[in-house]
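*Asks:* kindly return the folded structure for what I paste below:
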Amino acid sequence: MMMNYNENQNHLILGYDLDCWNTFHEKKPISIDLSPKTNSHILFCGMSGSGKSYLENAIFAKLAIMEPHGTIFFADYKGDDSFSYLLDCPRHYFYTNTLSALDIVHNRLLARQSGQDSSRNPITLIWDEYMAQVLSLMYTDKKLASIVMSKVSEILLLGRSLSVRLIMSMQRPDAVAFPAGSRLNYGVVVILGAAVKSIYEMLLPDFREEIKGRKFNRGEGVVLLQGSELHFIKVPIVLNEKRMRQICINALNDSCRPSSEA
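*Replies:* Residues are numbered from 1 along each chain as shown. Have a look, this model is predicted:
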C-alpha cells in the first residue's frame, strides 16, 4: 500500500482530483489539514457499492501512520464484511457496544475541557453506519437516542480545539440524527458514487450548479472542505490491502504502531 503525503506532514491526502485524473492522467492530491487549527471531523456518504467503506479503510490506515501517538476507536454497528478483520481488536466495538466507544471518547473530551486532562494527543472515533444505529434507537429507546445524539453534537462542536475527532460513515445523513444543526460541523464531507439527489441537497445546497450533470462511478464523487472548497475526487486503488489491514489492526491494539510508510 502506498501511503501518500504532501509536503506538509499535517496534511492527509483523501484522493486525487477527478478531472485531472480523467483528462490528463495526473495525480493531483486533494488533502486536508489534520492540525488542531482546522476542523478535521469527516463525514463519508454514499449508497451501497459507492466505495465509501474502501475509502474509510484507507483513511483509517493513513491516520494511524500520520498520528502514531494518537488513539483510534472503531465503532462498527452493522459488522460490515469490509471491517470483519478488526473483530478481535480491543478498540473495535460491534453492534450496540458501539455506544461504549462513544462514552469513552465523550468522557475524554469532557476531561480535556475541564482541564483534568491536559494532553492533546489526537483521539479519533471512526463510526461506521451511525445513521442506521440512531434510527434504530429512535424506535427502541428514544431517550437513549437523544443522549447519543447530544454526545455526538458535543464532540462535533468542541472537539477541534481539544484534538478529538469524529469520522462517520453512512448512506444518507438525515438531519434528525444531528440536532441543532450539528451536521454542519464537519470540516470534510465526502459523497461517493451515484448518490441520490437528496444527499446533495442536504449537504451541498450552495453547489447545485457545479454538481449539475455530473455522474460518478464507484470510488468517485464530491468533496467539500471547510464548508466552502468543492472538489471532485477519485479514490485510488490500495496496492497492498493486506498491509493496510495490518496497520489498522495495530492501531486498535497498540501492539505495534506504524512508524513509516507502507
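*Asks:* how close does A61 sit to N250?
*Replies:* Distance of A61 to N250, computed by Cβ to Cβ, to the nearest Å: 10 Å. (Each C-beta comes from the backbone N, C-alpha and C, glycine too.)
*Asks:* report all helices and strands that the helix or strand of the chain with the lowest mean pLDDT contacts.
*Replies:* When each helix and strand of the chain is scored by mean pLDDT, DSSP states H and E, helix 197-203 comes last, with a mean of 88. Other elements packing on helix 197-203 under the criterion 3 or more Cβ pairs under 8 Å, 6 or more residues apart in numbering; DSSP states H and E are strand 42-45, strand 188-192, helix 208-211.
*Asks:* tabulate those (a markdown table), appending mean neighbour count, mean pLDDT and distance to Q171.
*Replies:* Formatted as a markdown table, the helices and strands packed on helix 197-203 follow (neighbours: other Cβ atoms under 10 Å; pLDDT from 0 to 100; distance: least, Cβ to Cβ, whole Å):
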| stretch | mean neighbour count | mean pLDDT | distance to Q171 |
| --- | --- | --- | --- |
| strand 42-45 | 25 | 96 | 7 |
| strand 188-192 | 26 | 96 | 11 |
| helix 208-211 | 12 | 92 | 18 |
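*Asks:* out of those, which gets nearest to D141?
*Replies:* Smallest distance to D141 across these (Cβ to Cβ): 24.5 Å, for strand 42-45.
*Asks:* run the angle between the next helix or strand after that closest one and strand 188-192 for me.
*Replies:* Sequence-wise, the next helix or strand downstream of strand 42-45 (DSSP states H and E) is helix 52-66. Angle, helix 52-66 to strand 188-192, by axes from the mean of the first three to the mean of the last three Cα atoms, to 10 degrees: 140 degrees.
*Asks:* okay, now the unreliable bits of this structure?
*Replies:* Filtered on pLDDT under 70, the chain yields the residue ranges 1-8, 255-262.
*Asks:* can you map out the strands along it?
*Replies:* 11-17, 29-33, 42-45, 71-76, 92-94, 123-128, 164-170, 188-192, 220-225, 229-234 (DSSP state E).
*Asks:* now distance to L158 too, for those, in a markdown table please.
*Replies:* Below are the strands of the chain laid out as a markdown table (distance: least, Cβ to Cβ, whole Å):
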| stretch | distance to L158 |
| --- | --- |
| strand 11-17 | 22 |
| strand 29-33 | 19 |
| strand 42-45 | 17 |
| strand 71-76 | 17 |
| strand 92-94 | 22 |
| strand 123-128 | 12 |
| strand 164-170 | 8 |
| strand 188-192 | 18 |
| strand 220-225 | 21 |
| strand 229-234 | 23 |
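*Asks:* so can I have CSV of the helices and strands packed on helix 197-203 showing distance to Y200?
*Replies:* Formatted as CSV, those follow (distance: least, Cβ to Cβ, whole Å):
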stretch, distance to Y200
strand 42-45, 10
strand 188-192, 7
helix 208-211, 6
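*Asks:* so which of these comes closest to K234?
*Replies:* Among those, if distance is taken as Cβ to Cβ, the winner is strand 188-192, at 10.3 Å.
*Asks:* OK, contacts around the residue nearest the centre of the chain?
*Replies:* Closest residue to the average C-alpha location of the chain: I167 at 2.8 Å, with Cα atoms, centre = their mean. Neighbour list for I167: H41, I42, L43, F44, E56, I59, F60, T124, L125, I126, W127 [criterion: Cβ atoms under 8 Å, 6 or more residues apart in numbering].
*Asks:* what do you get for I32?
*Replies:* I32 neighbours (Cβ under 8 Å, 6+ apart): H11, L12, L14, T38, S40, I42, G187, V188, L225.
*Asks:* drop anything exposed from the residues you listed.
*Replies:* Using 16 or more other Cβ atoms under 10 Å as the burial test, the contacts of I32 include H11, L12, L14, S40, I42, G187, V188, L225 as buried.
*Asks:* tell me which of the residues you listed is nearest to R172?
*Replies:* Nearest member of the buried ones among the contacts of I32 to R172, counting by Cβ to Cβ, is I42, at 16.1 Å.
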